[in-house]
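K.L.:
Below are the sequence and a predicted model for it; my questions follow.
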Amino acid sequence: MGLALASLVTDAGPALSVGLCLLAIPLIALLRNRPNLREAASLGVATLNFLLVAAIYAAHGRGETIPVEVFRITDDLRVAFRVDDLGLLFALTASFLWILNTLYSIGYMRAHHEHKQTRFYICFAASIAAAMGAAFSSNLFSLFVFYEALTLVTYPLVIHAETPVAKAGARRYLVYLLGLSIAFQLPALFMVKAYGGTFEFHAEGLLRTSTASAGVLSLIFVLFLLGIGKAALMPFHSWLPAAMVAPTPVSALLHAVAVVKAGVFTVSRVVFHVFGVKLLGDLGVHEVLVFAACFTIVTASLIALAQDNLKRRLAYSTIAQLSYILLGVGLLVPDAQVGGLAHIGFHAAAKITLFFCAGAILVATHKTLVSQLDGIGRRMPITMGAFTVATLAMIGLPPTACLVSKWFLVEGAAEGGHGLVLAVLVVSTLLNGAYFLPIVWRAFFRPSPDGETGWKEAPWPCVVALSATALLTIGLFFFPGIVLDLARGVVTAAGGVR
Amino acid sequence: MDASLPALVVVVPMLAAILTALAGRWWRRHAWPVALLATAFAAAGSLRILWRAVHEGVVLYRMGGWPVPTGIPYRIDLLNGIVLAMVACVSFLSVLWMRESVKREIRQAGQASYYAVVLLFTTGFLGITITGDVFNLYVFLEIASITSYVLVAMGRRREGLFAGYQYLILGSIGATFVLIGIGHLYMATGSLAMTDIAARLSGALVDHPSVVHTSFAFITVGLAIKMALFPLHSWQPGAYTYAPSSASLLMAATATKVAAYAFYRFAFTVFGTHYVTARLPQVMDGIMVMAAAAMVVGPLFAVRQDNLKRMLAYSSVGQIGYVVLGAALVNASAMTGSIAHFWNHAASKGALFAVVGIVVLRSGSPHIDNLRGLGRRAPWTAAAMTVAALSLVGVPLTGGFVTKYYLALGTLETGRGVLLAFILLSSLLTAVYMWRCLQRVWFADPDLEPAVTREAPWTMRVATLTFGAACLVFGVFAWIPVDIASAAARALLGEN
């Protein structure tokens, strides 16, 4: 009986989850004239969705899951879902943070008197639906559809302010993400079908039986790396800082919950379930990914040093941190891969905290530049406390979850004998400290400008949300089990057991 | 009636044309309803014929009961079933759409005869598609061509006369080439029925190989002009730009693709797959190069146009490349994509020309800046345009993506992966010029007064939205066109 229920949940759950998020759209539209109910609907659906994903997680692992077809476009092109560890890792991260992000949005959007809030919440729900669909897609075509949908539904969020700067940023966002995926990801997709015979993911890589030459297979991999713009590998990263014009909750959504995580998730899918660790190792083309990631980590950190705008500094930090994930996955060493995958969840918790804090500072004091933050820690102690915790995570210090993932990364790199990678990790840790710690120091140890005294925190939903994510960052240090187990599950199934 | 439906779908619009031309002098207001009824009958009839072709394989109708090759057979298999349904449905939607536009753009005394010409035009293209006799095909080709020249010249702008004249010269050369080719074919085989010629061709190739080759060359070049295949496309931009909006819509969604169909029919049914692959592979390679060039050059020109009609005309130059590429690759997957594109392109280009026609009706000019604010004042029209644009670019869940997917698969299966770059470059350029439009539609400066101040009349809106919805239906329920197209492609190539 329990088994039947479990398989029912894993079979129907993913489609239900996407459907639930989509259901929020008409609900929000109907309640457009009653803001309190509208926001309640957003929060309610977010909570229900997380519970559903949690139920899928609980039911997962009790026997085989099968791909469940949602609809057939043609015999070759099917949208289908299947629960697996990698998908769950992404889905749990996104669905949980969506709740906090919604809570935060309510405080932020109202305090900031933003216009067109109904459109904002609708697009938010649509982007989570796309993220859930991407997470649970059982084949490459299905994943591609949701990946593209995510780009399109986040576009109105980026252009939200509709100022010339917002329009320019949003155009760059769309041109980069759509352009790269048409120019590079689409041909890779076609080639996978032509040379692999199927789109269906396989635990050991769907291309493992392909008879195509090594050159062709390497080309496909490189096309994927170029085409998955959401992973923000350099030199295709500049859309991410440009998209900073969006309201802060959107930046949080982009950086932590859905968009960039969809990018690294897709790269992970390609590494594990399209190529497979063994094939990539034989081809040797994973080194392209390793070098690109190392280059991105160091360069993005150097650029971050020079940014005075807080959100832009955070954006470059994201670019570097995403490459930790890609680096770990690309090293093809089991420990490093576990570390990289776990970083999807850990980094999300820490980075969303940083964006929440940046937004809270903006709402409370209208400050956007690092150089304006003198003494702000005394006026916004909760916010800056949370900020400090997240900063420690970015550097990889205890007691934060990112230490765990970084530990695995370092161990994996050492195991694989990658001296260069170890050096990059050390240098980037120093750089992370160099561009984050001065902010904390300014906030707590520099005197406030004249006339600025007294308690001035952001609205309570913002403060609750950022405290929760900061606590989560610490909590995951002590209990990293869920995330680590899922990451281990992916690596073990790929044949990387020890 | 079911048995004689193949004859009726051609005869009814023809009789209706005569009726509107004669009676229209006294009852001008009845021309539109008559045209609408006749095309509605053709649309319903052609869908019924396609249904039968899907279930029975081939629908055969002998004119006057004469046996092949003595009499003229109408022979519908899956390939021309698809094209027939496309022509008839597009004609119906175009006639539904055109009432207000004709009132505005055609002088009053000419309106009834305009509908008569539209009906004859439809008759011509339906006839080309349905017939199984090569000479009969030529006759219908001339009917379709002459009516096209008239339609282009009937606008109120003087440039229309010149564009129509240019079209007349090039179109006549094309039609003449086809006729010369058919003459040679008759000389070599002594037959005019397609299936009969195909059966006699191996003998003719032994006796008069050069006559057969000459015939193939003339027919190919003639049809390439008719389908505006790059670099023989020069008549098309002028014709689409200066024709009345309703004529642009009708022609852009049907005309060149029917010529492309005729090429498929000659190449794979009359001359046969073996002939084009084993005897003259260079010809197909040449056509492949032209198609690939068209796919990139068309959008490249379109990017620079500010006149929406001219932009869409260049877009069609590119899109016909997609239709022809599948034939040139002689591969089942690629051909599936190309044949599905008969419907996908009709839907997207139909929707886009319908929207441009609405812009012309409401604002008086097809300039790209007249799209500004369309999203606010005419949201339905703007939505149809958006969907059609996405399909033209080839975004997943629209018809255009399905076409590109199967074409791309075909290029890889035949070991011509380089063509993939052309397909993608074409998509990117298409995205650029459609984005120029959509940006004005949705993100125009709210301070500027919109050029279009209200929605289109309901007849236009229904037709436009149907075109737009078709782009989505062919993308989401793509198995409907793809299953038929794939079976048609396999039948043409003799695979199972």
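P.N.:
Arrived safely, thanks for sending. Numbering: from 1, shown residues only, chains lettered A, B, ... in the order given.
K.L.:
Show me the helices in the stretch 101-250 of chain B, by range?
P.N.:
B:111-130, B:134-153, B:159-189, B:194-207, B:209-226, B:235-242, B:245-264 (DSSP state H, counting those that start in this stretch).
K.L.:
list the contacts for residue 39?
P.N.:
All of this refers to chain A. By Cβ atoms under 8 Å, 6 or more residues apart in numbering or on different chains, the contact set of A:Glu39 is A:Thr102, A:Ile106, A:Tyr121. Bear in mind the C-beta positions are built from the backbone N, C-alpha and C, glycine included.
K.L.:
I was after chain B.
P.N.:
By Cβ under 8 Å, 6+ apart, the residues touching B:Thr39 are B:Pro13, B:Ala88, B:Ser91, B:Phe92, B:Ser94, B:Val95, B:Leu119, B:Thr122.
K.L.:
which one of these sits closest to chain A?
P.N.:
When these are compared for distance to chain A (Cβ to the nearest Cβ), B:Ala88 comes out closest, at 24.3 Å.
K.L.:
mind checking how far A:Ser238 is from A:Leu253?
P.N.:
Distance, A:Ser238 to A:Leu253, using Cβ to Cβ, to the nearest Å: 19 Å.
K.L.:
neighbour count winner among these two?
P.N.:
Between A:Ser238 and A:Leu253, counted using other Cβ atoms under 10 Å in any protein chain shown, the more crowded position is A:Leu253 (30 against 15).
K.L.:
which other residues reach the lowest-mean-pLDDT helix or strand in chain B?
P.N.:
Sorting the helices and strands of chain B by mean pLDDT, DSSP states H and E puts helix B:374-377 at the bottom, at a mean of 82. With contact meaning Cβ under 8 Å, 6+ apart, helix B:374-377 is reached by B:359, B:381-382, B:385, B:440-442, B:444, B:446, B:450, B:452-455.
K.L.:
7 Å - rerun?
P.N.:
B:Thr381, B:Ala382, B:Val441, B:Trp442, B:Pro450, B:Val452, B:Thr453, B:Arg454 (Cβ atoms under 7 Å, 6 or more residues apart in numbering or on different chains).
K.L.:
Okay, now the unreliable bits of chain A?
P.N.:
By pLDDT under 70, the weakly predicted segments of chain A are A:1, A:62-64, A:452, A:496-498.
K.L.:
How about the residue of the stretch 101-250 of chain B found nearest chain A, nearest residue that isn't a chain neighbour?
P.N.:
Residue of the stretch 101-250 of chain B nearest chain A, by Cβ to the nearest Cβ: B:Phe230 (22.1 Å). Spatial nearest neighbour of B:Phe230, excluding adjacent residues (Cβ to Cβ, 6 or more residues apart in numbering or on different chains): B:Ala294 at 3.6 Å.
K.L.:
do the same with B:Val462
P.N.:
If the residues on either side of it in the chain are set aside, B:Val462 comes closest to B:Leu96, at 6.6 Å by Cβ to Cβ, 6+ apart.
K.L.:
Please apply the same query to B:Phe266.
P.N.:
B:Ile219 (5.3 Å).
K.L.:
State the distance from the one you found to B:Cys471.
P.N.:
The gap separating B:Ile219 from B:Cys471 is 32 Å, by Cβ to Cβ.
K.L.:
How about A:Phe90?
P.N.:
Relative to B:Cys471, and taking Cβ to Cβ, A:Phe90 is found at 31 Å.
K.L.:
and the residue of the stretch 201-350 of chain A found nearest chain B, how many neighbours?
P.N.:
Among all residues of the stretch 201-350 of chain A, A:Val216 sits closest to chain B, at 8.3 Å; criterion: Cβ to the nearest Cβ. Counted with other Cβ under 10 Å, the neighbours of A:Val216 add up to 15.
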